[in-house]
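[1] this one's sequence-less:
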């Protein structure tokens, strides 16, 4: 089955700096890669996603890149703010027997220091 | 359009009791996923259901855990004879049937504490 590895597990940055979180996946059939943000005690919520036919996608301060050949994708947050502090999960998704099978990374706890 | 609804939000049980967690997917969604999240850990897949069918239960412990999604009513995750190690947040997520692959919409979670 699919295996998703995520690094680092914790990340501290100064406010205004950039943060980068990296994920690798194992199954080349995965074709959809969402990123979820989970604030303390809250539910995970989608912040950005990318499909396998695209190499990069940007939405304001966040961007995601995908390298299908190397099977890795990354989340980039620029000009970090304290409200960016949360746990971020990457995921790899594939269509398996008619339904989507989603495998999450282990999460990155981001702390933005004011 | 109401989001994914989970209840109870918090549940306390003593060892050996049963826990029942309920999930109503978003309107128009017929696919339900259950995930378990231990403190300070990631989201572990447990089971995937469609109406009246368990499609993939590869992440669910073989004993004491069961799930259903009846034709009418919410999906239910049932944990029998709970133990302290079952203490966790249990998240339900739903997705629409017509999407090949796409966003999962999560509920607020049910936090189970076993005394």
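    Structure received. Predicted model only: the values in this text are computed from it and were never measured.
[2] I'd like to know how many residues surround the residue of chain A found nearest chain B.
    Here the residue of chain A nearest chain B is residue A:32; by C-beta to the nearest C-beta that distance is 3.8 Å. Just so you know, the C-beta spots here come from the backbone N, C-alpha and C atoms, and that holds for glycine as well. By other C-beta atoms under 10 Å in any protein chain shown, 20 other residues sit near residue A:32.
[3] How about it: which residues does it bridge to?
    Legend: beta-bridge partners of residue A:32 under DSSP bridges are residue A:51, residue A:93.
[4] where's it relative to residue A:50, distance?
    From residue A:32 across to residue A:50, the span is 8 Å (C-beta to C-beta, to the nearest Å).
[5] residues in contact with the residue of chain A closest to chain B?
    A:49, A:50, A:51, A:52, A:92, A:93, A:94, A:100, B:101, B:102 (C-beta atoms under 8 Å, 6 or more residues apart in numbering or on different chains).
[6] Can you tell me what sits against the lowest-mean-pLDDT helix or strand in chain A?
    Counting by mean pLDDT, DSSP states H and E, chain A has its least confident helix or strand at strand A:99-104, which shows a mean of 86. Contacts of strand A:99-104 with the rest of the structure, by C-beta under 8 Å, 6+ apart, involve A:1-4, A:25, A:30, A:32, A:36, A:89-95, B:31, B:33, B:35, B:42-43, B:45, B:48, B:50, B:55-56, B:95, B:99-102, B:104.
[7] Only whichever of those residues are buried, select them in ChimeraX.
    Buried subset of these, written as a ChimeraX selection, criterion 16 or more other C-beta atoms under 10 Å in any protein chain shown:
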select /A:2,4,25,30,32,36,89,90,91,92,93,94 /B:31,33,35,42,43,45,48,55,56,95,101,102,104
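[8] export the contacts of residue A:32 to a markdown table and tack on distance to residue A:21?
    Formatted as a markdown table, those follow (distance: C-beta to C-beta, whole Å):
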| residue | distance to residue A:21 |
| --- | --- |
| A:49 | 14 |
| A:50 | 14 |
| A:51 | 19 |
| A:52 | 19 |
| A:92 | 14 |
| A:93 | 17 |
| A:94 | 21 |
| A:100 | 22 |
| B:101 | 21 |
| B:102 | 21 |
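[9] Closest to residue A:74 out of these?
    Top of the list for closeness to residue A:74, among the contacts of residue A:32 and by C-beta to C-beta, is residue A:50 at 10.1 Å.
[10] ok, how many other residues are close to the closest one?
    By other C-beta under 10 Å, the residues close to residue A:50 number 20.
[11] isn't it right up against residue A:74?
    No - using C-beta atoms under 8 Å, residue A:50 makes no contact with residue A:74, being 10.1 Å away.
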